[in-house]
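In: got a sequence here, can you model it:
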Amino acid sequence: MQLTTIALPLPLLLLLLLFILSLVSAQTPSRGSAQLESVNDDDLLALIRQEKYVVALFTKPDCPTCLNMEKTLIEARDELVDFLGAWVVMAQQSHLMRLYSPNAEPALVFFRHGVPLLYDGPVDEEHITQTFNDNKEPIARELSDDNFEHLTQAATGATTGDWFVMFYSSSCLECQRLGAVWEAVGAATRVRGIVVARADRGGAAAATARRFGVTKDPTFLLFRKGKMYWYDLPKYGIKSLISFSQDWYRNAKSEKVPIPKSPFDDLVAWCVYLIRDVIEFGLGILTEHPWIWQIGVVGFGLVAITSIIAVVKAGKSSSPKPVTKKPSKKTK
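Out: So this is what the prediction gives:
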């Protein structure tokens, strides 16, 4: 069987080649351009879901510091593409920025398998590439009731080192916004032997949270040499959290790490927390909607008055009536 060849005109071959090259370039990270590729929020979310590494610069117009960071990132882009295969893009006036950074633009975020790390170093090409190369995988460990004591050994002397744990819940929006910040804290403290971790106090680590008396989101606890230190500062900045884990914890409230609770003690603690949460929820509803308790007071008053009137009427109707005897007729 003979194969027949089809001769295509040269212009058509050139068009076909350009089309193939455009498809290939669309599927590979851009490099060599004098500007960063600009994407909208939908495109950025698609990249975060689909690509292994994405470097995103969040900027805004008329921002000199944004332009400086953009220039530096352009200089670092080729190395990020070559060594990481990362997509390096820019998102201007993005609504997603508040999910990853508590500060104003510019914000440089490195996504690893969708997990964000907020860059908090100097505007320097070498420092940026070194930081991202050193933290190619997510840093924060996920702790649960099953593995907490085994991994941390918090109650037995902390032979596995210091652990800095953020207790969170899936319903806590602020906790979600702290994800990139917490990864940045982990990137800075790992060189000091401090392990950064997360624990879902409303889910897999509920019993552990009750063991330590954690009742709010987020809560940060440093476990060090058999003691736990509470981070009570109102701000959750990267530098504040790093400073606390390394030195400032000495000024914070500390407690001896309690041993794990027995099943009965944990059940009692769960009941206490449940009752307290119900009371706090009810008080919160009444504080937010004062008309509810006002209607309740009025309704209770009307019921009380109606009950009193009913009792009084019932008492009157049940009192015995005097019996009058008719005079007997005398017969003559």
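
In: so where's the stretch 1-150 of the chain shaky on pLDDT?
Out: Regions of the stretch 1-150 of the chain meeting the criterion pLDDT under 70 cover residues 1-33.

In: all strands of it, in order?
Out: 37-38, 53-59, 87-92, 107-112, 115-118, 141-143 (DSSP state E, counting those that start in this stretch).

In: reformat those as CSV; add mean neighbour count and distance to Leu241.
Out: Any C-beta I mention is one placed from the backbone N, CA and C, and that applies to glycine too. Putting the strands of the stretch 1-150 of the chain into CSV (neighbours: other CB atoms under 10 Å; distance: least, CB to CB, whole Å) gives the following:
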stretch, mean neighbour count, distance to Leu241
strand 37-38, 13, 32
strand 53-59, 23, 21
strand 87-92, 22, 26
strand 107-112, 23, 17
strand 115-118, 22, 12
strand 141-143, 17, 16
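
In: ok, which of those comes nearest Ile238?
Out: Taking CB to CB as the measure, those were each checked against Ile238, and strand 115-118 came out nearest at 7.0 Å.

In: kindly provide the distance from the residue nearest to Ser245 when sequence neighbours are not counted to Asn103.
Out: Using CB to CB, 6 or more residues apart in numbering and skipping the chain neighbours, the partner closest in space to Ser245 is Phe164 (4.8 Å). Distance from Phe164 to Asn103, counting by CB to CB, to the nearest Å: 21 Å.

In: more neighbours: which of these two?
Out: Neighbour tally, Phe164 and Asn103, criterion other CB atoms under 10 Å: the higher count belongs to Phe164, 26 against 13.

In: need the per-residue pLDDT for the more buried one.
Out: What the model reports for Phe164 is a pLDDT of 97.

In: so which helix or strand takes in it?
Out: strand 162-168 (DSSP states H and E).

In: turn the strands of the stretch 1-150 of the chain into JSON lines, including distance to Asn251.
Out: Supplementary listing: the strands of the stretch 1-150 of the chain in JSON lines, determined by distance: least, CB to CB, whole Å:
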{"stretch": "strand 37-38", "distance to Asn251": "45"}
{"stretch": "strand 53-59", "distance to Asn251": "34"}
{"stretch": "strand 87-92", "distance to Asn251": "39"}
{"stretch": "strand 107-112", "distance to Asn251": "30"}
{"stretch": "strand 115-118", "distance to Asn251": "26"}
{"stretch": "strand 141-143", "distance to Asn251": "26"}
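
In: Ile305 is nearest to which of those?
Out: strand 141-143 (57.5 Å).

In: show me what the closest one packs onto, helices and strands only.
Out: Using 3 or more CB pairs under 8 Å, 6 or more residues apart in numbering; DSSP states H and E as the contact criterion, the elements in contact with strand 141-143 are helix 148-152, strand 194-200.

In: elements contacting whichever strand or helix holds Trp182?
Out: Taking DSSP H and E as the definition, Trp182 sits inside helix 179-189. When contacts are defined as 3+ CB pairs under 8 Å, 6+ apart, helix 179-189 packs onto strand 115-118, strand 162-168, strand 194-200, helix 238-246.

In: what angle do the second one and helix 179-189 make?
Out: In this case it means strand 162-168. Using axes from the mean of the first three to the mean of the last three CA atoms, to 10 degrees, the inter-axis angle of strand 162-168 relative to helix 179-189 is 180 degrees.

In: now the element after strand 162-168, going C-ward?
Out: Per DSSP H and E, the first helix or strand lying C-terminal to strand 162-168 is helix 173-177.

In: and the pLDDT for the closest residue to Ile139 other than its chain neighbours?
Out: Spatially, and ignoring its direct neighbours in sequence, Ile139 is nearest to Gly186 (3.5 Å; CB to CB, 6+ apart). According to the model's per-residue confidence, Gly186 sits at a pLDDT of 97.

In: what about the helices in the chain?
Out: For the chain, the helices identified by DSSP state H occupy 10-26, 41-50, 64-84, 125-134, 148-152, 173-177, 179-189, 206-212, 238-246, 263-288, 290-318, in order along the chain.
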